[in-house]
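Colleague: Pasting a predicted model and its sequence here:
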Amino acid sequence: MDDCPEPNVRINAGLPVVLVAAIALIDPDGRVLIAERPEGKSMAGMWEFPGGKVEEGEIPEAALIRECKEELGIDITAACLAPFAFASHSYEKFHLLMPLYLCRKWEGIVQGMEGQRTKWVPIRDLNEYPMPPADIPLLAMLRDFL
Ligand SMILES: Nc1nc2c([nH]c(=O)n2[C@H]2C[C@H](O)[C@@H](COP(=O)(O)OP(=O)(O)OP(=O)(O)O)O2)c(=O)[nH]1
Ligand SMILES: [Mg+2]
């Protein structure tokens, strides 16, 4: 429907649903952590909320605990994950369903464990970083909330 471009959801395209869990880490100054998608991955060079695909038999919270360790070198617990909002967005080859959790408490120091750049960004400046199209509605929600 041309008069209703957002959200981008292709109702009858038969796309597989991919569940990705994402996290907005928020520091004491209210800044949010974003990470640059590495070369070789889809949407390389775009900035994203850390996270990744939820594996078979895994729940989203467990996926985030795992991904935070693998990608950022930090420890989080399920108790510190607050469900916030979700993205539902059709890409060319799949439909992304991405719950976004907020987290203000973790152990360790954030590092890009896979060589990716990371950045703590004040919420009002997040729109200066190119992010995947699925994330755009989440930015507005975060801005309203924080
Ligand atoms: N982590 C994350 N993924 C996002 C965001 N926005 C968005 O469209 N995506 C998409 C990009 C990818 O198609 C998918 C996440 O896949 P990924 O490649 O990062 O998954 P992963 O960390 O499990 O990595 P891999 O093992 O599959 O390489 O979700 C976001 O803010 N954060
Ligand atoms: Mg990932």
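Modeller: Great, that's in hand. Residues are numbered from 1 along each chain as shown. Ligands and ions are numbered 1, 2, ... in the order given.

Colleague: Show me which residues of the chain are close to ligand 1?
Modeller: Neighbours of ligand 1 within the chain, by CB under 6 Å from any ligand atom: 20, 22, 41-43, 48-49, 51-53, 96, 98, 132, 134-135. For the C-beta atoms, the positions are set from N, CA and C on the backbone; glycine is no exception.

Colleague: Need the buried ones from the residues you listed selected in ChimeraX.
Modeller: Of the residues of the chain next to ligand 1, the buried ones go into a single ChimeraX selection, burial set by 16 or more other CB atoms under 10 Å:
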select :20,22,48,49,51,52,96,98,132,134,135
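
Colleague: So which of the residues of the chain next to ligand 1 are in strands?
Modeller: V20, A22, E48, G51, G52, K53, L96, M98 (DSSP state E).

Colleague: Beta-bridge partners for the third one, please?
Modeller: Yep, that's E48 we're talking about. E48 has these beta-bridge partners by DSSP bridges: A35.

Colleague: Model confidence for it, exactly?
Modeller: With respect to pLDDT, E48 has a value of 98.

Colleague: give me the residue from this protein nearest ligand 1.
Modeller: G52 (2.5 Å; CB to the nearest ligand atom).

Colleague: Ramachandran angles for the closest residue to that residue other than its chain neighbours?
Modeller: Among residues not flanking G52 along the chain, E67 sits closest, at 4.5 Å (CB to CB, 6 or more residues apart in numbering). Main-chain dihedrals, E67, degrees, to the nearest 10: phi -70, psi -40.

Colleague: List the contacts of E67.
Modeller: Contacts for E67 (CB atoms under 8 Å, 6 or more residues apart in numbering) come out as A21, I23, P50, G51, G52.

Colleague: The helix or strand of the chain at the bottom of the mean pLDDT ranking packs against which elements?
Modeller: Here the helix or strand of the chain ranked lowest by mean pLDDT, DSSP states H and E is helix 136-145, holding a mean of 94. Contacts defined by 3 or more CB pairs under 8 Å, 6 or more residues apart in numbering; DSSP states H and E place helix 136-145 against strand 82-90.

Colleague: Mind listing what's buried along the strand it packs on?
Modeller: Buried residues in strand 82-90, defined by neighbour count with 16+ other CB under 10 Å: F84, A85, F86, A87, H89, S90.
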